[in-house]
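Visitor: Sequence and predicted model, in that order:
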Amino acid sequence: MPTMEEYAKQPVTDRLKRLERAPDELAAAIRGQSAAVLAKRPDAKNWAGVEVICHLRDAEESFGGRFQMFLAMEDVKLLPIDTDRIAVDRQYLRCDAGEAIEAFRARRAESLETFRTLTPEQWKRGGTHPQRGRMTFDDFLSLMCWHDDNHLDQLRRAIAGQA
Amino acid sequence: MPFAYYARLTRAQQAVYRKSDSITDVRLPRPADLHPLVGALDTALRTEDRVDTQRASDRLIRGLTDALAIPSVKVEVLAARPHAKWGELHGLYTAERGKTPKIQLWMRTAKQKRVVAFRTYMRTLLHEVGHHIDYVLLRLPDSFHTEGFYKRESSLFYQLVPEATRPEAQSAVRPVDEWAAFPVAERLERLERTPTELARLMRGQSDAALSRRPAPEAWSAKEVMCHARDAEEHLGGWMALILFNDDPVLVEAGTVARWAVDRQYARQHAGAAWDAFGRRRDETLALLRALTPKQWEESGRHARMGRVSIDRLLSLMAWHDDNHLDQLRRALKGDWGS
(Lines give C-alpha, C1' and ligand atoms only; values in the text may rest on other atoms or scores of the structure.)
Protein backbone atom coordinates (compact mmCIF):
# COMPACT_ATOMS: atom_id res chain seq x y z
CA MET A 1 0.00 0.00 0.00
CA PRO A 2 1.66 3.29 -1.08
CA THR A 3 2.22 5.93 1.56
CA MET A 4 0.91 9.47 1.20
CA GLU A 5 4.40 10.64 0.25
CA GLU A 6 4.63 7.98 -2.46
CA TYR A 7 1.26 9.01 -3.83
CA ALA A 8 2.45 12.61 -3.90
CA LYS A 9 5.03 11.60 -6.51
CA GLN A 10 2.39 10.19 -8.86
CA PRO A 11 0.83 12.36 -11.58
CA VAL A 12 -2.49 13.99 -10.74
CA THR A 13 -4.32 11.90 -13.35
CA ASP A 14 -3.16 8.64 -11.74
CA ARG A 15 -4.22 9.80 -8.33
CA LEU A 16 -7.62 10.89 -9.64
CA LYS A 17 -8.06 7.44 -11.16
CA ARG A 18 -7.35 5.94 -7.76
CA LEU A 19 -10.14 8.07 -6.25
CA GLU A 20 -12.46 7.16 -9.10
CA ARG A 21 -12.14 3.43 -8.43
CA ALA A 22 -12.99 3.56 -4.73
CA PRO A 23 -16.84 3.35 -4.82
CA ASP A 24 -16.74 0.23 -7.02
CA GLU A 25 -14.03 -1.31 -4.87
CA LEU A 26 -16.16 -0.78 -1.77
CA ALA A 27 -19.20 -2.28 -3.48
CA ALA A 28 -17.14 -5.30 -4.54
CA ALA A 29 -15.76 -5.74 -1.03
CA ILE A 30 -19.21 -6.02 0.56
CA ARG A 31 -20.92 -7.99 -2.22
CA GLY A 32 -22.73 -11.02 -0.76
CA GLN A 33 -22.02 -10.04 2.83
CA SER A 34 -24.91 -10.05 5.29
CA ALA A 35 -25.88 -7.01 7.34
CA ALA A 36 -24.83 -8.93 10.45
CA VAL A 37 -21.31 -9.50 9.11
CA LEU A 38 -21.00 -5.86 8.06
CA ALA A 39 -22.12 -4.67 11.51
CA LYS A 40 -19.75 -6.99 13.41
CA ARG A 41 -16.77 -5.31 14.95
CA PRO A 42 -13.57 -7.38 14.84
CA ASP A 43 -12.85 -6.34 18.43
CA ALA A 44 -14.05 -3.81 20.98
CA LYS A 45 -11.97 -0.99 19.53
CA ASN A 46 -12.04 -1.42 15.78
CA TRP A 47 -14.81 -0.43 13.42
CA ALA A 48 -17.17 -2.83 11.71
CA GLY A 49 -17.37 -2.84 7.90
CA VAL A 50 -20.43 -0.60 7.81
CA GLU A 51 -18.73 1.90 10.11
CA VAL A 52 -15.72 2.08 7.78
CA ILE A 53 -17.99 2.81 4.82
CA CYS A 54 -19.99 5.46 6.71
CA HIS A 55 -16.70 7.03 7.75
CA LEU A 56 -15.62 7.28 4.11
CA ARG A 57 -18.99 8.79 3.19
CA ASP A 58 -18.76 11.44 5.92
CA ALA A 59 -15.07 12.10 5.34
CA GLU A 60 -15.87 12.82 1.69
CA GLU A 61 -18.45 15.40 2.77
CA SER A 62 -15.90 16.91 5.10
CA PHE A 63 -13.28 17.08 2.31
CA GLY A 64 -15.87 18.87 0.16
CA GLY A 65 -16.47 21.47 2.88
CA ARG A 66 -12.76 22.05 3.29
CA PHE A 67 -12.31 22.45 -0.47
CA GLN A 68 -14.98 25.16 -0.51
CA MET A 69 -13.05 27.00 2.19
CA PHE A 70 -9.72 26.62 0.38
CA LEU A 71 -11.24 28.29 -2.68
CA ALA A 72 -12.87 31.09 -0.69
CA MET A 73 -10.24 31.98 1.93
CA GLU A 74 -6.53 32.35 2.37
CA ASP A 75 -4.98 29.61 4.50
CA VAL A 76 -7.88 28.58 6.74
CA LYS A 77 -6.99 26.90 10.03
CA LEU A 78 -8.84 23.58 9.87
CA LEU A 79 -10.44 22.10 12.95
CA PRO A 80 -9.75 18.58 14.24
CA ILE A 81 -12.47 15.98 13.61
CA ASP A 82 -13.25 13.29 16.20
CA THR A 83 -14.15 10.48 13.83
CA ASP A 84 -14.78 7.91 16.60
CA ARG A 85 -17.29 10.22 18.25
CA ILE A 86 -19.01 10.89 14.94
CA ALA A 87 -19.30 7.14 14.31
CA VAL A 88 -21.21 6.75 17.58
CA ASP A 89 -23.23 9.98 17.35
CA ARG A 90 -24.40 9.32 13.80
CA GLN A 91 -25.12 5.68 14.63
CA TYR A 92 -23.07 4.16 11.84
CA LEU A 93 -23.89 0.66 13.07
CA ARG A 94 -27.58 1.19 12.21
CA CYS A 95 -26.83 2.26 8.64
CA ASP A 96 -27.20 0.22 5.48
CA ALA A 97 -23.76 -0.27 3.91
CA GLY A 98 -25.03 -0.31 0.32
CA GLU A 99 -26.87 3.00 0.74
CA ALA A 100 -23.82 4.51 2.41
CA ILE A 101 -21.68 3.50 -0.59
CA GLU A 102 -24.11 5.21 -2.96
CA ALA A 103 -24.01 8.40 -0.86
CA PHE A 104 -20.21 8.16 -0.89
CA ARG A 105 -20.23 7.65 -4.66
CA ALA A 106 -22.19 10.89 -5.15
CA ARG A 107 -19.88 12.85 -2.84
CA ARG A 108 -16.81 11.34 -4.51
CA ALA A 109 -18.06 12.43 -7.93
CA GLU A 110 -18.31 15.98 -6.57
CA SER A 111 -14.76 15.82 -5.19
CA LEU A 112 -13.45 14.60 -8.55
CA GLU A 113 -15.31 17.41 -10.30
CA THR A 114 -13.68 19.93 -7.96
CA PHE A 115 -10.18 18.53 -8.61
CA ARG A 116 -10.73 18.42 -12.35
CA THR A 117 -11.76 22.06 -12.59
CA LEU A 118 -8.89 23.52 -10.48
CA THR A 119 -6.55 25.96 -12.19
CA PRO A 120 -2.79 25.50 -11.64
CA GLU A 121 -2.92 28.38 -9.13
CA GLN A 122 -5.81 26.84 -7.24
CA TRP A 123 -3.94 23.54 -6.82
CA LYS A 124 -1.59 25.47 -4.51
CA ARG A 125 -4.36 26.81 -2.33
CA GLY A 126 -5.03 25.11 0.98
CA GLY A 127 -5.21 25.40 4.74
CA THR A 128 -3.51 24.38 7.95
CA HIS A 129 -4.40 20.87 9.08
CA PRO A 130 -4.39 20.42 12.88
CA GLN A 131 -1.99 17.46 12.74
CA ARG A 132 -0.29 17.69 9.35
CA GLY A 133 0.33 21.42 9.07
CA ARG A 134 -0.03 23.36 5.83
CA MET A 135 -1.75 21.28 3.13
CA THR A 136 -2.66 22.21 -0.44
CA PHE A 137 -5.27 20.70 -2.75
CA ASP A 138 -2.46 18.60 -4.17
CA ASP A 139 -1.59 17.30 -0.70
CA PHE A 140 -5.24 16.52 -0.05
CA LEU A 141 -5.43 14.50 -3.26
CA SER A 142 -2.54 12.34 -2.04
CA LEU A 143 -4.09 12.08 1.40
CA MET A 144 -7.39 10.90 -0.06
CA CYS A 145 -5.65 8.22 -2.14
CA TRP A 146 -3.93 6.89 0.93
CA HIS A 147 -7.16 7.24 2.94
CA ASP A 148 -9.04 5.11 0.37
CA ASP A 149 -6.36 2.40 0.45
CA ASN A 150 -6.22 2.41 4.21
CA HIS A 151 -9.96 2.08 4.74
CA LEU A 152 -10.51 -0.43 1.96
CA ASP A 153 -7.92 -2.59 3.67
CA GLN A 154 -9.61 -1.99 7.02
CA LEU A 155 -12.99 -2.92 5.50
CA ARG A 156 -11.68 -6.19 4.09
CA ARG A 157 -10.10 -7.06 7.44
CA ALA A 158 -13.27 -6.18 9.37
CA ILE A 159 -15.32 -8.50 7.13
CA ALA A 160 -12.75 -11.24 7.75
CA GLY A 161 -13.06 -10.61 11.49
CA GLN A 162 -9.55 -9.16 11.74
CA ALA A 163 -8.65 -5.97 13.58
CA MET B 1 -40.14 24.05 33.72
CA PRO B 2 -38.82 27.30 35.28
CA PHE B 3 -35.71 29.04 33.98
CA ALA B 4 -32.39 28.08 35.56
CA TYR B 5 -32.22 31.17 37.80
CA TYR B 6 -35.38 30.02 39.64
CA ALA B 7 -33.21 27.77 41.85
CA ARG B 8 -31.23 30.80 43.04
CA LEU B 9 -34.31 32.74 44.18
CA THR B 10 -35.55 32.92 47.77
CA ARG B 11 -38.76 31.07 48.64
CA ALA B 12 -40.75 34.31 48.56
CA GLN B 13 -39.31 35.20 45.16
CA GLN B 14 -40.05 31.70 43.88
CA ALA B 15 -43.70 32.18 44.85
CA VAL B 16 -43.76 35.44 42.84
CA TYR B 17 -42.08 33.64 39.95
CA ARG B 18 -44.70 30.87 39.97
CA LYS B 19 -47.53 33.38 40.04
CA SER B 20 -45.99 35.28 37.12
CA ASP B 21 -45.48 32.04 35.22
CA SER B 22 -49.11 31.01 35.69
CA ILE B 23 -50.50 34.12 33.93
CA THR B 24 -50.05 33.77 30.19
CA ASP B 25 -52.36 36.37 28.69
CA VAL B 26 -53.24 40.07 29.00
CA ARG B 27 -56.48 40.87 27.17
CA LEU B 28 -57.09 44.35 25.79
CA PRO B 29 -60.78 45.36 25.77
CA ARG B 30 -60.75 46.70 22.18
CA PRO B 31 -57.32 46.13 20.63
CA ALA B 32 -58.46 47.46 17.23
CA ASP B 33 -58.77 50.92 18.81
CA LEU B 34 -54.99 50.91 19.23
CA HIS B 35 -54.09 49.74 15.73
CA PRO B 36 -53.84 53.30 14.33
CA LEU B 37 -51.30 54.11 17.07
CA VAL B 38 -49.30 51.02 16.15
CA GLY B 39 -49.34 52.08 12.49
CA ALA B 40 -48.22 55.58 13.46
CA LEU B 41 -45.31 54.11 15.43
CA ASP B 42 -44.26 51.99 12.45
CA THR B 43 -44.31 55.13 10.26
CA ALA B 44 -42.38 57.19 12.82
CA LEU B 45 -39.69 54.53 13.17
CA ARG B 46 -39.27 54.44 9.40
CA THR B 47 -38.53 58.19 9.38
CA GLU B 48 -35.64 57.35 11.73
CA ASP B 49 -36.54 60.50 13.67
CA ARG B 50 -36.10 60.13 17.42
CA VAL B 51 -38.60 62.83 18.42
CA ASP B 52 -41.32 61.42 16.15
CA THR B 53 -40.62 57.92 17.44
CA GLN B 54 -40.77 59.11 21.05
CA ARG B 55 -44.10 60.83 20.41
CA ALA B 56 -45.58 57.77 18.72
CA SER B 57 -44.24 55.42 21.41
CA ASP B 58 -45.66 57.65 24.13
CA ARG B 59 -49.11 57.70 22.48
CA LEU B 60 -49.18 53.95 22.08
CA ILE B 61 -48.09 53.28 25.64
CA ARG B 62 -50.62 55.80 26.95
CA GLY B 63 -53.27 54.05 24.84
CA LEU B 64 -52.29 50.76 26.43
CA THR B 65 -52.32 52.03 30.00
CA ASP B 66 -55.67 53.75 29.41
CA ALA B 67 -57.14 50.61 27.87
CA LEU B 68 -56.01 48.55 30.85
CA ALA B 69 -57.07 51.29 33.30
CA ILE B 70 -53.67 51.41 34.97
CA PRO B 71 -51.46 54.39 35.90
CA SER B 72 -49.49 55.96 33.08
CA VAL B 73 -45.76 55.76 32.64
CA LYS B 74 -43.15 58.22 31.35
CA VAL B 75 -41.61 57.30 28.01
CA GLU B 76 -38.17 58.24 26.75
CA VAL B 77 -36.78 57.16 23.39
CA LEU B 78 -33.00 57.29 23.00
CA ALA B 79 -30.63 56.72 20.11
CA ALA B 80 -27.96 53.98 20.12
CA ARG B 81 -28.31 51.14 22.59
CA PRO B 82 -25.80 51.01 25.45
CA HIS B 83 -23.75 47.83 25.31
CA ALA B 84 -21.27 45.96 27.45
CA LYS B 85 -20.21 42.41 28.25
CA TRP B 86 -23.82 41.30 28.80
CA GLY B 87 -24.92 42.47 25.35
CA GLU B 88 -27.02 45.43 24.19
CA LEU B 89 -29.69 47.18 26.25
CA HIS B 90 -32.88 47.39 24.23
CA GLY B 91 -35.22 48.89 26.79
CA LEU B 92 -35.41 49.65 30.49
CA TYR B 93 -38.23 49.99 33.01
CA THR B 94 -37.53 51.87 36.25
CA ALA B 95 -39.92 52.49 39.13
CA GLU B 96 -38.69 54.56 42.07
CA ARG B 97 -40.80 55.27 45.12
CA GLY B 98 -42.64 58.58 44.80
CA LYS B 99 -41.85 58.99 41.10
CA THR B 100 -43.78 58.15 37.95
CA PRO B 101 -42.36 54.90 36.50
CA LYS B 102 -40.29 55.35 33.35
CA ILE B 103 -39.78 53.29 30.20
CA GLN B 104 -36.65 53.97 28.17
CA LEU B 105 -36.35 52.55 24.66
CA TRP B 106 -33.35 52.60 22.35
CA MET B 107 -34.12 52.84 18.65
CA ARG B 108 -30.68 52.20 17.14
CA THR B 109 -28.32 49.22 17.39
CA ALA B 110 -25.17 49.64 19.46
CA LYS B 111 -22.51 48.98 16.85
CA GLN B 112 -24.00 49.77 13.45
CA LYS B 113 -26.30 52.53 14.78
CA ARG B 114 -29.03 51.17 12.51
CA VAL B 115 -32.68 51.81 13.39
CA VAL B 116 -34.09 48.57 14.78
CA ALA B 117 -36.80 46.68 12.91
CA PHE B 118 -40.40 47.62 13.77
CA ARG B 119 -41.29 44.20 15.17
CA THR B 120 -38.18 44.15 17.33
CA TYR B 121 -38.94 47.65 18.62
CA MET B 122 -42.56 46.71 19.33
CA ARG B 123 -41.42 43.62 21.22
CA THR B 124 -39.08 45.74 23.34
CA LEU B 125 -41.78 48.31 23.99
CA LEU B 126 -44.25 45.62 25.07
CA HIS B 127 -41.58 43.91 27.13
CA GLU B 128 -41.11 47.08 29.19
CA VAL B 129 -44.86 47.69 29.36
CA GLY B 130 -45.05 44.10 30.61
CA HIS B 131 -42.92 45.02 33.63
CA HIS B 132 -45.24 47.94 34.36
CA ILE B 133 -48.26 45.61 34.10
CA ASP B 134 -46.62 43.17 36.50
CA TYR B 135 -46.38 45.82 39.20
CA VAL B 136 -49.52 47.90 38.74
CA LEU B 137 -52.06 45.51 37.21
CA LEU B 138 -51.02 42.07 38.41
CA ARG B 139 -49.71 43.52 41.70
CA LEU B 140 -46.65 41.33 41.71
CA PRO B 141 -43.96 42.44 44.17
CA ASP B 142 -41.29 41.70 41.55
CA SER B 143 -41.28 41.39 37.78
CA PHE B 144 -39.40 38.29 36.71
CA HIS B 145 -38.66 37.08 33.20
CA THR B 146 -40.74 33.92 33.30
CA GLU B 147 -42.23 31.93 30.47
CA GLY B 148 -45.57 33.41 31.50
CA PHE B 149 -44.09 36.91 31.22
CA TYR B 150 -42.98 36.26 27.63
CA LYS B 151 -46.35 34.75 26.78
CA ARG B 152 -48.09 37.87 28.12
CA GLU B 153 -45.75 39.99 26.00
CA SER B 154 -46.64 37.84 22.97
CA SER B 155 -50.37 38.04 23.70
CA LEU B 156 -50.18 41.85 23.60
CA PHE B 157 -48.04 41.78 20.47
CA TYR B 158 -50.49 39.66 18.49
CA GLN B 159 -53.47 41.75 19.58
CA LEU B 160 -51.70 44.90 18.43
CA VAL B 161 -50.03 43.53 15.28
CA PRO B 162 -52.76 41.24 13.96
CA GLU B 163 -51.05 40.69 10.61
CA ALA B 164 -48.32 38.92 12.57
CA THR B 165 -50.82 36.39 13.90
CA ARG B 166 -49.81 32.87 13.08
CA PRO B 167 -51.53 29.50 13.33
CA GLU B 168 -51.67 28.26 16.91
CA ALA B 169 -49.44 25.33 16.01
CA GLN B 170 -46.59 27.70 15.20
CA SER B 171 -47.14 30.12 18.05
CA ALA B 172 -44.05 29.02 19.96
CA VAL B 173 -41.64 29.92 17.16
CA ARG B 174 -39.94 33.26 17.66
CA PRO B 175 -38.09 34.58 14.58
CA VAL B 176 -34.31 35.07 14.67
CA ASP B 177 -34.63 38.87 14.68
CA GLU B 178 -36.90 38.74 17.69
CA TRP B 179 -34.51 36.45 19.52
CA ALA B 180 -31.73 38.89 18.73
CA ALA B 181 -33.55 41.46 20.88
CA PHE B 182 -33.22 39.24 23.96
CA PRO B 183 -30.25 39.43 26.34
CA VAL B 184 -27.62 36.72 25.95
CA ALA B 185 -28.60 35.12 29.27
CA GLU B 186 -32.18 34.55 28.11
CA ARG B 187 -31.11 33.15 24.76
CA LEU B 188 -28.74 30.78 26.58
CA GLU B 189 -31.63 29.69 28.78
CA ARG B 190 -33.65 28.91 25.65
CA LEU B 191 -30.83 26.65 24.50
CA GLU B 192 -30.50 25.08 27.92
CA ARG B 193 -34.18 24.10 28.08
CA THR B 194 -34.27 22.37 24.72
CA PRO B 195 -32.97 18.88 25.64
CA THR B 196 -35.55 18.66 28.43
CA GLU B 197 -38.33 19.87 26.14
CA LEU B 198 -37.36 17.35 23.47
CA ALA B 199 -37.29 14.55 26.04
CA ARG B 200 -40.70 15.57 27.35
CA LEU B 201 -42.17 15.45 23.84
CA MET B 202 -40.67 12.07 22.93
CA ARG B 203 -41.13 10.31 26.28
CA GLY B 204 -43.40 7.27 26.01
CA GLN B 205 -43.62 7.44 22.21
CA SER B 206 -43.09 4.18 20.32
CA ASP B 207 -40.46 3.87 17.61
CA ALA B 208 -43.33 3.62 15.11
CA ALA B 209 -44.78 6.95 16.27
CA LEU B 210 -41.36 8.58 16.24
CA SER B 211 -40.70 7.25 12.73
CA ARG B 212 -44.01 8.30 11.18
CA ARG B 213 -43.83 11.13 8.67
CA PRO B 214 -46.85 13.46 8.86
CA ALA B 215 -46.61 13.92 5.08
CA PRO B 216 -44.42 12.22 2.46
CA GLU B 217 -42.11 15.25 2.23
CA ALA B 218 -42.10 16.10 5.96
CA TRP B 219 -39.68 14.72 8.51
CA SER B 220 -40.71 12.33 11.25
CA ALA B 221 -39.96 13.20 14.89
CA LYS B 222 -36.91 10.94 14.74
CA GLU B 223 -35.58 12.72 11.68
CA VAL B 224 -36.11 16.08 13.38
CA MET B 225 -34.16 14.80 16.39
CA CYS B 226 -31.27 13.59 14.22
CA HIS B 227 -31.27 16.92 12.41
CA ALA B 228 -31.07 18.82 15.71
CA ARG B 229 -28.09 16.67 16.71
CA ASP B 230 -26.23 17.24 13.43
CA ALA B 231 -27.09 20.94 13.35
CA GLU B 232 -25.60 21.30 16.83
CA GLU B 233 -22.36 19.75 15.64
CA HIS B 234 -22.41 21.88 12.51
CA LEU B 235 -23.15 25.21 14.21
CA GLY B 236 -20.64 24.40 16.96
CA GLY B 237 -18.12 23.87 14.14
CA TRP B 238 -18.94 27.31 12.73
CA MET B 239 -18.40 28.90 16.14
CA ALA B 240 -15.05 27.16 16.53
CA LEU B 241 -14.06 28.16 12.99
CA ILE B 242 -14.89 31.80 13.75
CA LEU B 243 -12.84 31.69 16.95
CA PHE B 244 -9.83 30.05 15.28
CA ASN B 245 -9.82 32.10 12.07
CA ASP B 246 -10.07 35.72 11.10
CA ASP B 247 -13.34 36.31 9.23
CA PRO B 248 -13.77 32.76 7.88
CA VAL B 249 -16.18 31.66 5.18
CA LEU B 250 -18.96 29.54 6.69
CA VAL B 251 -19.75 26.76 4.27
CA GLU B 252 -22.48 24.17 4.00
CA ALA B 253 -21.43 20.93 2.36
CA GLY B 254 -24.87 20.16 0.95
CA THR B 255 -28.34 20.61 2.36
CA VAL B 256 -29.96 19.36 5.53
CA ALA B 257 -32.33 17.28 3.40
CA ARG B 258 -29.29 15.54 1.95
CA TRP B 259 -27.95 14.85 5.44
CA ALA B 260 -31.23 13.16 6.34
CA VAL B 261 -30.94 10.81 3.37
CA ASP B 262 -27.15 10.29 3.30
CA ARG B 263 -26.88 9.71 7.04
CA GLN B 264 -29.98 7.51 7.05
CA TYR B 265 -31.86 9.28 9.82
CA ALA B 266 -34.86 6.98 9.37
CA ARG B 267 -32.78 3.99 10.52
CA GLN B 268 -31.50 5.68 13.66
CA HIS B 269 -32.61 5.54 17.28
CA ALA B 270 -34.27 8.75 18.49
CA GLY B 271 -33.15 8.29 22.09
CA ALA B 272 -29.51 7.83 21.12
CA ALA B 273 -29.75 10.89 18.87
CA TRP B 274 -31.20 12.88 21.77
CA ASP B 275 -28.34 11.74 23.99
CA ALA B 276 -25.73 12.83 21.43
CA PHE B 277 -27.55 16.15 20.96
CA GLY B 278 -27.53 16.76 24.72
CA ARG B 279 -23.78 16.26 24.95
CA ARG B 280 -23.16 18.59 22.02
CA ARG B 281 -25.53 21.15 23.50
CA ASP B 282 -23.66 21.09 26.83
CA GLU B 283 -20.46 21.80 24.92
CA THR B 284 -22.07 24.65 22.99
CA LEU B 285 -23.30 26.24 26.21
CA ALA B 286 -19.88 25.85 27.87
CA LEU B 287 -18.19 27.46 24.87
CA LEU B 288 -20.63 30.38 24.77
CA ARG B 289 -20.47 31.02 28.51
CA ALA B 290 -16.68 31.28 28.37
CA LEU B 291 -16.62 33.91 25.57
CA THR B 292 -15.12 37.34 26.12
CA PRO B 293 -17.16 40.38 24.95
CA LYS B 294 -14.85 40.71 21.95
CA GLN B 295 -15.36 37.07 20.97
CA TRP B 296 -19.16 37.51 20.97
CA GLU B 297 -18.73 40.01 18.14
CA GLU B 298 -16.35 37.88 16.05
CA SER B 299 -17.94 36.75 12.84
CA GLY B 300 -17.71 34.78 9.63
CA ARG B 301 -19.20 35.21 6.16
CA HIS B 302 -22.07 33.13 4.88
CA ALA B 303 -23.20 33.12 1.25
CA ARG B 304 -26.89 33.66 2.08
CA MET B 305 -26.86 35.26 5.54
CA GLY B 306 -23.94 37.62 5.02
CA ARG B 307 -21.88 38.48 8.08
CA VAL B 308 -22.75 36.20 10.99
CA SER B 309 -21.37 36.92 14.46
CA ILE B 310 -21.35 34.40 17.31
CA ASP B 311 -24.05 36.52 18.94
CA ARG B 312 -26.13 36.13 15.78
CA LEU B 313 -25.49 32.38 15.77
CA LEU B 314 -26.90 32.23 19.30
CA SER B 315 -30.11 33.90 18.08
CA LEU B 316 -30.18 31.56 15.12
CA MET B 317 -29.87 28.55 17.41
CA ALA B 318 -32.65 29.84 19.69
CA TRP B 319 -34.96 30.16 16.68
CA HIS B 320 -33.76 26.79 15.36
CA ASP B 321 -34.71 25.16 18.65
CA ASP B 322 -38.16 26.80 18.63
CA ASN B 323 -38.69 25.81 15.03
CA HIS B 324 -37.73 22.16 15.36
CA LEU B 325 -39.46 21.66 18.71
CA ASP B 326 -42.59 22.89 16.98
CA GLN B 327 -41.92 20.63 13.99
CA LEU B 328 -41.34 17.61 16.23
CA ARG B 329 -44.54 18.32 18.16
CA ARG B 330 -46.50 18.51 14.92
CA ALA B 331 -44.85 15.38 13.52
CA LEU B 332 -46.00 13.41 16.56
CA LYS B 333 -49.52 14.78 16.16
CA GLY B 334 -49.48 13.86 12.47
CA ASP B 335 -50.03 17.54 11.72
CA TRP B 336 -47.95 18.96 8.94
CA GLY B 337 -49.93 22.21 8.66
CA SER B 338 -48.95 24.83 6.15
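Guide: That came through fine.

Visitor: What sits closest to residue B:23 if chain neighbours are left out?
Guide: Closest residue in space to residue B:23, ignoring its immediate chain neighbours: residue B:148 at 5.2 Å, by CB to CB, 6 or more residues apart in numbering or on different chains. Yep, even glycine has a C-beta here, placed from its N, CA and C like the rest.

Visitor: Test my guess that that neighbour contacts residue B:26.
Guide: No: using CB atoms under 8 Å, residue B:148 makes no contact with residue B:26, being 10.5 Å away.

Visitor: next structured bit after the least confident helix or strand in chain B by mean pLDDT?
Guide: In chain B, the helix or strand scored least confidently by mean pLDDT, DSSP states H and E is strand B:87-88, which has a mean of 66. Counting by DSSP states H and E, the next helix or strand C-terminal to strand B:87-88 is strand B:91-94.

Visitor: which residues are contacting that next one?
Guide: Residues outside strand B:91-94 that contact it (CB atoms under 8 Å, 6 or more residues apart in numbering or on different chains) are B:73, B:101-106, B:124-125, B:127-128, B:131-132, B:143.

Visitor: and which of the residues you listed is nearest residue A:120?
Guide: In terms of CB to CB, no member of these lies closer to residue A:120 than residue B:106, at 53.5 Å.

Visitor: My reading is that that closest one is in a helix; is that accurate?
Guide: No: assessed with DSSP: H, G, I helix; E, B strand; the rest coil, residue B:106 is strand; it does not lie in a helix.

Visitor: Nearest residue to it in space, please, no chain neighbours.
Guide: Ranked by CB to CB, 6+ apart and with sequence neighbours excluded, the top spatial neighbour of residue B:106 is residue B:81, at 4.0 Å.

Visitor: Distance-wise, check the one you found relative to residue B:121.
Guide: Distance, residue B:81 to residue B:121, by CB to CB, to the nearest Å: 11 Å.

Visitor: For residue B:88, state which of the contacts of strand B:91-94 is nearest.
Guide: Of all the contacts of strand B:91-94, residue B:88 sits closest to residue B:106, with 7.9 Å by CB to CB.

Visitor: Which pLDDT value goes with the residue nearest the centre of chain A?
Guide: By CA atoms, centre = their mean, the mean C-alpha position of chain A lies nearest to residue A:56, the distance being 4.2 Å. The score at residue A:56 is 98. That number is its pLDDT.

Visitor: Then the one 5 residues further on?
Guide: For residue A:61, the model assigns a pLDDT of 97.

Visitor: Specify the local secondary structure of it.
Guide: Residue A:61 is classified as helix under three-state DSSP.

Visitor: That one touches residue B:251, doesn't it?
Guide: No: contact criterion CB under 8 Å: residue A:61 and residue B:251 do not qualify, at 11.0 Å.

Visitor: What residues does the residue lying closest to residue B:331 once chain neighbours are set aside make contact with?
Guide: Using CB to CB, 6+ apart and skipping the chain neighbours, the partner closest in space to residue B:331 is residue B:221 (4.4 Å). Residue B:221 makes contact with B:201, B:202, B:205, B:209, B:210, B:211, B:212, B:270, B:328, B:331, B:332 under the criterion CB under 8 Å, 6+ apart.

Visitor: give me that answer again for 7 Å
Guide: B:202, B:210, B:270, B:328, B:331, B:332 (CB atoms under 7 Å, 6 or more residues apart in numbering or on different chains).
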